[in-house]
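**Student:** when you get a sec, could you give me coordinates for this:
(one chain, ligands or ions: 1)
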Amino acid sequence: QRQMCIRDRAEIMFIGEGPGQHEDEQGEPFVGRSGQLMDKMLHYIDLDRSRNIYIANIVKCRPPQNRTPLEDEAMACLPYLRAQVALIQPQIIVCLGKTAAMYVIDREIRITRDRGIWRMKKGIWMLPTFHPAALLRDESKKRDAWHDMQSLRDKIKELGPDGE
Ligand code: URA
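**Tutor:** Residues are numbered from 1 along each chain as shown. Sure, this is the predicted structure:
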């Protein structure tokens with residue numbers, strides 16, 4: 001899957017679960033309904049996938065019937081993701097949903113309990129939040145997700161990323 005990278009160095013990286021049908025067809029992450037909602041939320045905090053963020057997924061191929069990736073599938077793709085992180089050198093990683101958060105931040109993470117809580121790992125600030133597909137399924141989660149986006153905006157201000 002071709003990944004999105006417009007700038008040489010995006011300080012903020014978003015990690016999802018894996019490509020769905022639209023992403024597979026177009027070869028780009030988050031281009032379906034989830035992606036549209038994500039773009040809208042990013043826009044409110046002055047982020048733009050064509051300008052200042054980088055988007056990746058835990059797995060790089062669409063699992064059959066869009067199921068959650070199995071552990072060995074995630075493990076097979078993690079070296080690729082680590083290489084992406086090493087190249088991008090983000091200051092911040094936002095994990096979208098449980099799959100991203102458990103493989104990137106903490107195996108024991110529970111998204112409903114732990115979303116919105118920043119952790120520093122290997123020198124990178126990490127924020128777990130809901131996957132946009134979860135927000136489409138359950139509107140009541142949007143309030144918390146919006147809170148997380150504001151927290152992200154505050155963190156960006158605090159860190160003062162260069163270049164913008
Ligand atoms: N959901 C994901 O987790 N990733 C995508 O790229 C699209 C939908």
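**Student:** point me to the residue of the chain nearest the ligand.
**Tutor:** Using Cβ to the nearest ligand atom, the single residue of the chain nearest to the ligand is G16, 2.9 Å away. C-beta: built from backbone N, CA, C; applies to glycine.
**Student:** surely that residue and V94 touch.
**Tutor:** No. In this structure G16 lies outside contact range of V94 using Cβ atoms under 8 Å: 9.8 Å.
**Student:** which stretches of this structure have low pLDDT?
**Tutor:** 1-10, 161-164 (pLDDT under 70).
**Student:** for it, which residues are neighbours of the ligand?
**Tutor:** Those residues of the chain that sit near the ligand, judged by Cβ under 6 Å from any ligand atom, are 16-20, 23, 29-30, 34, 57.
**Student:** hang on, the earlier thing: burial count for the residue of the chain closest to the ligand?
**Tutor:** 26 (other Cβ atoms under 10 Å).
**Student:** list the contacts of it.
**Tutor:** Taking Cβ atoms under 8 Å, 6 or more residues apart in numbering, we find G16 in contact with 29-30, 34, 55-58, 96-97, 100, 131.
**Student:** what about 6 Å?
**Tutor:** Listed by Cβ atoms under 6 Å, 6 or more residues apart in numbering, the contact partners of G16 are 57, 96.
**Student:** so which of the residues of the chain next to the ligand are in helices?
**Tutor:** Secondary structure from DSSP state H places 23, 34 of these in helices.
**Student:** chain center to the helix or strand where L152 lies, what's the gap?
**Tutor:** Taking DSSP states H and E as the definition, one finds L152 inside helix 142-159. Relative to the chain's own centre, helix 142-159 is displaced by 14 Å; criterion: Cα atoms, centre = their mean, to the nearest Å.
**Student:** do stretch 139-152 as well
**Tutor:** 14 Å.
**Student:** go on, stretch 146-162?
**Tutor:** Distance, centroid of stretch 146-162 to centroid of chain: 15 Å (Cα atoms, centre = their mean).
**Student:** ok, now stretch 37-54?
**Tutor:** Taking mean C-alpha positions (Cα atoms, centre = their mean), stretch 37-54 and its chain are 11 Å apart.
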